[in-house]
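Trainee: test case, fold it:
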Amino acid sequence: MTREPRDVGASVTLGLLAAWAVHDAEEVVMVPRWVRTRLPELRERFPGVPETVWRRLGAVDGREFTTAVAVMAVVVAAAAAEGRRTGGRSALYQTALDAFGLHGLVHLAQAAVVRGYTPGSVTTPLVVLPFTLWARGRLRRSGVLRPARPLDAVRGLAFAAAAATGTHVLARRLVTRRG
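Mentor: Coordinates of the predicted model:
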């Protein structure tokens, strides 16, 4: 006897946008100052990182970063809205949810590598990972969670990387045009 899938509710689907907003608020507040103060130390500690990476990281200003976050808000809002429209069944929503959780693991890895705080590492264990696990559990109990396949983690990370890269490229163009 198979159970009929049921709607998971707005807290699961639109909750992705709310959890993301809390997490990215930490990043918006902390990234510019953190990069400014930690870049010299990081350059010294990690001499194998290409100079182009350090220059690019040092060139990100607050306006550009905030614009990139605003563009990402549109991406996350679209995924959350699609999740709501489909009762959580949407592949876009579930991929974005997985990407959100996986990107939280990247934050924890970054903090471990630098042996200290990195922007996003506070809200990851408090918001990102708990929300992701809770939402996936609700999707599973409702019968709408897509079966996990080995490529799902790769897709989630690729989605997160593509979205982050795309939003930063667009933000740079928008800020350069305005500035």
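Trainee: helix/strand/coil for P147?
Mentor: Secondary structure, DSSP: H, G, I helix; E, B strand; the rest coil: P147 is coil.
Trainee: for A99, see how far away it is.
Mentor: According to Cβ to Cβ, to the nearest Å, P147 stands 18 Å off from A99. Just so you know, the C-beta spots here come from the backbone N, C-alpha and C atoms, and that holds for glycine as well.
Trainee: low-confidence ranges, this protein, go.
Mentor: Applying pLDDT under 70 to the chain picks out residues 1-6, 150, 152-153, 156, 178-179.
Trainee: find the residue at the geometric middle of it.
Mentor: Here the mean C-alpha position of the chain is nearest to the C-alpha of F100 (Cα atoms, centre = their mean), at a distance of 4.4 Å.
Trainee: V69 is in what secondary structure piece?
Mentor: For V69, the host element (DSSP states H and E) is helix 62-85.
Trainee: sort out which residues of that helix are buried, please.
Mentor: For helix 62-85, burial by neighbour count (16 or more other Cβ atoms under 10 Å) applies to 64-69, 71-72, 75-76, 79-84.
Trainee: what separates V53 from S121, distance-wise?
Mentor: Distance of V53 to S121, given as Cβ to Cβ: 20 Å.
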